[in-house]
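**Student:** Pasting the sequence and the predicted model now:
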Amino acid sequence: MKYCWLCLLCWLAGCNQEVGSLEEDEFTRLRRRMVEEQLRRRDIADPAVLRAMGQVPRHLFVPARLREYAYDDHALAIEEGQTISQPYIVACMTQALGVGKGDRVLEIGTGSGYQAAVLAQLGLRVYSIEIIPSLAASARQRLQSLGYDSIEVRTGDGYLGWPEAAPFQGIIVTAAPDHVPPALVAQLAEGGRLVLPVGRGDQELLRLTRKGKETKIDTLLPVRFVPMTGKAQKD
């Protein structure tokens, strides 16, 4: 029996496409389960946050060797000794910001870009700072390739914030200083919220809300993040 090589190649291409489709279907199922079992059954109730978490493909923000664990209920290692946060913590911090579509948000610690993508999925204008140049470059490329064009990524020391883009309705910090950076509080808009982990070893997730010259502080839950580096370790 004779075979047409062109037909064979087309058949193989069709098989590869089908396998890829099946893989995406499985990731979609795992993402839905993550939302239902890890988030909705706990205290994540904001419909917009739940929807965003169900839309962002977290498996594309972790190393290929770890993709099967992308929707598990724990943090995962990424490049440069850093981590991508547990899905629940990402959702919790996002919900705590209390921001709305069109707001300007500053993220300190871009990492893989996942948290920034979740914020952008909410319809926010996101400014993200990463102190490690290689992480900033890879996150920028990843976010652009996925179509997140409302995110601007820069390399720099997040302890100092992004003053030329301030004020922000929300600021989220994904690395832990041992004190609240004054520059970040100063860059909050009136009524804006800063959500960040604070502490060395034992850490607490705090939410600061700016009310005129006063700042209200709420303690949300115990957490464990990588330490904030740069100027945060010197002040």
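**Tutor:** The structure has been received and is ready for your questions.
**Student:** ok, now which ones touch the residue lying closest to Ala166 once chain neighbours are set aside?
**Tutor:** Closest residue to Ala166 apart from its sequence neighbours, by Cβ to Cβ, 6 or more residues apart in numbering: Gln187 at 3.8 Å. Backbone N, C-alpha and C define where each C-beta goes, glycine included. Taking Cβ atoms under 8 Å, 6 or more residues apart in numbering, we find Gln187 in contact with 106, 161-163, 166-168, 171.
**Student:** Write a ChimeraX command that selects only the buried members of those.
**Tutor:** Buried residues within those, by 16 or more other Cβ atoms under 10 Å, are selected in ChimeraX with:
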select :106,161,162,166,168,171
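**Student:** what's the most distant pair in the contacts of Gln187?
**Tutor:** Pro163 and Ile171 (12.1 Å; Cβ to Cβ).
**Student:** if we can go back for a sec, which phi and psi does the residue nearest to Ala166 have?
**Tutor:** The phi/psi pair for Gln187 (degrees, to the nearest 10) reads phi -90, psi 0.
**Student:** And it, how far from Gln169?
**Tutor:** 11 Å (Cβ to Cβ, to the nearest Å).
**Student:** Pretty sure Tyr88 sits against Ile44.
**Tutor:** Yes: the pair Tyr88 / Ile44 is scored as a contact, 7.3 Å apart, by Cβ atoms under 8 Å.
**Student:** mind listing the strands for the protein?
**Tutor:** 76-77, 83-84, 104-108, 125-130, 151-155, 168-173, 188-198, 203-211, 214-223 (DSSP state E).
**Student:** Nearest to Val35, out of those?
**Tutor:** By Cβ to Cβ (comparing all of the strands of the chain), the closest turns out to be strand 83-84, at 16.9 Å.
**Student:** what mean pLDDT does the closest one have?
**Tutor:** Confidence over strand 83-84 (mean pLDDT, whole number) is 94.
**Student:** Just to check, Leu124 is in contact with Lys101?
**Tutor:** Yes: using Cβ under 8 Å, Leu124 makes contact with Lys101 at a distance of 7.1 Å.
**Student:** Tell me which of those two has more neighbours.
**Tutor:** Leu124 (26 against 9; other Cβ atoms under 10 Å).
**Student:** gap between that one and Gln141?
**Tutor:** Separation of Leu124 from Gln141 (Cβ to Cβ): 21 Å.
**Student:** Could you measure from the nearest residue to Glu204 once chain neighbours are set aside over to Arg41?
**Tutor:** Using Cβ to Cβ, 6+ apart and skipping the chain neighbours, the partner closest in space to Glu204 is Thr219 (5.4 Å). According to Cβ to Cβ, Thr219 stands 23 Å off from Arg41.
**Student:** how distant is stretch 217-225 from the center of its chain?
**Tutor:** 17 Å (Cα atoms, centre = their mean, to the nearest Å).
**Student:** Where does the prediction get shaky in the protein?
**Tutor:** 1-22 (pLDDT under 70).
**Student:** So which residues of it form helices?
**Tutor:** Using DSSP state H, the helices found in the chain span residues 5-33, 47-55, 87-97, 114-121, 133-145, 182-186.
**Student:** which of the ones you listed is buried the deepest?
**Tutor:** Among these, helix 114-121 has the highest mean neighbour count (mean count of other Cβ atoms under 10 Å), at a mean of 26.
**Student:** other SSEs contacting it?
**Tutor:** Applying 3 or more Cβ pairs under 8 Å, 6 or more residues apart in numbering; DSSP states H and E, one finds that helix 114-121 contacts helix 47-55, helix 87-97, strand 104-108, strand 125-130, helix 133-145, strand 151-155.
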